[in-house]
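Undergrad: Sequence and predicted structure are below.
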Amino acid sequence: MAFIEVNNLTHIYGKGTEQEFCALKDVSFTIEEGEFVAILGANGSGKSTLARHLNGLLQPTEGECMINGLDTKKPEDIWAIRRQVGMVFQNPDNQLIAGVVEDDVAFGPENLGMEPEKIRQQVTEALRAVGMEEFRKFAPHLLSGGQKQRAAIAGALAMDTRCLILDESTAMLDPQGRREVMGTVEHLHEERGLTLICITHFMEEAAKADKILVMEKGQLVQQGRPQEIFADAPRLHKLGLDVPLAVELAWNLRKDGLSLPQDILRNDDLVAALEACYVH
Amino acid sequence: MLNNIMIGQYFPGDSFLHRMDARVKILLLLILLIEVFAFTSAPVYLIMTVLTFLMIMISKVPMRMVLRSLKPLWWIILFTFVLHLFSHPGRELYRIWQFVITQEGVEQGALISVRLMLLIILSTLLTFTTSPLKLTDALESLLSPFKRLGLPAHELAMMMTIALRFIPTLISETDKIMKAQQSRGADFVTGSIMSRLKNMVPILVPLFLSAFRRADDLALAMEARCYRGGEGRTRMKEMKLGRLDYVAIGVFALFSAGLGVSYAL
């Protein structure tokens, strides 16, 4: 059984009203425990709606969404699901609840009714995992964007989350903050086998994933390894998406007759391939 | 301009008063304030004043900062004093046209002024030595017995927590909106009061819009982190009465008893 199983998921906002809007149409996929999945798609393609189904913030209109064998439709399972699937949102200012970092990280465990001693332990561990121990007593408004997002990640970790959804969590950050946040979650993914689901517009982030899902107008139009997805650059351009710089450059070089391997994703890959071309 | 605002007026420290349980502090303060009202006499007020200065010294909050909290109320104190000067019949001291200053008036005026200052300084001392967060927690705990009567103690405390968290965020946002409007020619500094008030509208509308959007986001984030109201919720920072608190309560009880007895005599 896969960790996340989405079967024929359809979601309609405002069903039965005049503003009825079908945000997701017959979407099916699975995500294994410990996988790193990126979800791509233009604005309004249903990425965030999809993400909100994965921890029961939204319920499917049709179809089902199973998290570790639990159904998001069952109200009695919802807290167990939210505990396992943590979420980090886009705006770093709007998701920290308390006026001090450690109190904010403790918010989740407090809601779960953990013992005070256990909560302190969880908070310390979570802050250490994201490298924010020294900011324990800080007020959120004194932190940088990247630090705020790391505090939000710690908030999820303190609940013993097994899967982290980043809903465009790096979109409002500067390059430094983006590196901080991605570095932190990649580290957690490698060290702890944390399942990562990353909604993003930054193709360099998506290129590091094990699997990419491409959304368009509420439908899942393509899924596969990054190499497969990025192989068809013009198709992605048509969907309003970019490809990583190295992929784009390799694609253009190939068009001009240079024989480069198909699986170039990162700058390093391209440099190695070009060296191989010219040294031999 | 709006950057250096202080919420409440917490003065971080590690004194006896800082370490006391916030609930005990609030309750003792309440009783002390009632005593100030109940025992109106010069000797009691003298003792109270000495006690207050003693507490300021214990708290290690600079005297200047404490006295500064009286600043906005000087006029009210002065006004009360003057009012009392003329409004008590008794031995005439001085006469200005029809108004008579009496001995009793001076005494009463002085007493009431001291009472006002005591009230203000004592309450300020609470906010100086207790962080807003601890105050909120203490209020929730103190109000929780009234839950059965339908008082939403947890919700009130949560609202305060969120308000405290978002005040700096909203202030910096106001700053940003003001600059954005000024850069498009809005004028907030000149003109009559009415026109200046009218010019505030282009600040308030976007500010409220964004506050509502923030509230939406925050509600979602809270739900994602398993928030479901106060039921079954625990706290990381438990409030526990320590030896310090019992000592404080004991000392306070003795002090009050002494005051009561001496006042009765």
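TA: Perfect, I can see it now.
Undergrad: So which residues on the stretch 101-250 of chain A come close to chain B?
TA: A:102-103, A:106-116, A:119-120, A:123, A:139-141, A:152, A:155-156, A:159 (CB under 8 Å from any CB of the partner chain). The C-beta positions use only the backbone N, C-alpha and C, and glycine is treated the same way.
Undergrad: Please name the nearest non-neighbouring residue to residue 143.
TA: Defaulting to chain A. Leaving out its chain neighbours, the residue that sits closest to residue A:143 by CB to CB, 6 or more residues apart in numbering or on different chains is residue A:135, at 6.4 Å.
Undergrad: actually it's chain B I care about, not the one you picked
TA: That would be residue B:153: by CB to CB, 6+ apart, it lies 3.9 Å from residue B:143.
Undergrad: what about the spatially closest residue to residue A:140 that is not a sequence neighbour, how many residues close to it?
TA: The spatially closest residue to residue A:140, leaving aside those adjacent along the chain, is residue A:96, at 4.5 Å (CB to CB, 6+ apart). Number of residues near residue A:96 (other CB atoms under 10 Å in any protein chain shown) recorded here: 27.
Undergrad: any idea whether residue B:168 is helix, strand or coil?
TA: helix (DSSP: H, G, I helix; E, B strand; the rest coil).
Undergrad: Next, the contact list for residue A:87, please.
TA: A:51, A:55, A:57, A:156, A:164-165, A:167, B:221, B:224 (CB atoms under 8 Å, 6 or more residues apart in numbering or on different chains).
Undergrad: partner residues bridging it?
TA: Counting by DSSP bridges, residue A:87 forms beta bridges with residue A:165.
Undergrad: on that earlier part again, correct me if wrong: the residue nearest to residue A:140 contacts residue A:150.
TA: No: judged on CB atoms under 8 Å, residue A:96 makes no contact with residue A:150 at a distance of 11.0 Å.
Undergrad: Is residue A:213 located within a helix, as I assumed?
TA: No: checked against three-state DSSP, residue A:213 lies outside a helix; its state is strand.
Undergrad: Run through the residues that contact it.
TA: A:29, A:37-40, A:220, A:222-223.
Undergrad: Could you check how many residues crowd around residue B:37?
TA: Using other CB under 10 Å: residue B:37 sits among 9 other residues.
Undergrad: Check the gap between it and residue B:87 for me.
TA: 19 Å (CB to CB, to the nearest Å).
Undergrad: Likewise for residue A:96?
TA: For residue A:96 relative to residue B:87 (CB to CB), the value is 54 Å.
Undergrad: same question, residue A:190
TA: 80 Å.
Undergrad: what's the answer for residue B:22, then?
TA: Taking CB to CB, one finds residue B:22 at 40 Å from residue B:87.
Undergrad: Settle it for me: which of these two has more neighbours?
TA: residue B:22 (21 against 14).
Undergrad: Residue B:234 versus that one, what's the distance?
TA: 18 Å.
Undergrad: burial count for residue 236?
TA: Chain wasn't specified; assuming chain A. 20.
Undergrad: if you could check chain B rather than the one you did, that'd help
TA: 21.
Undergrad: Please parse chain B into its domains.
TA: B:16-130+B:241-264, B:146-224 (automatic domain parsing).
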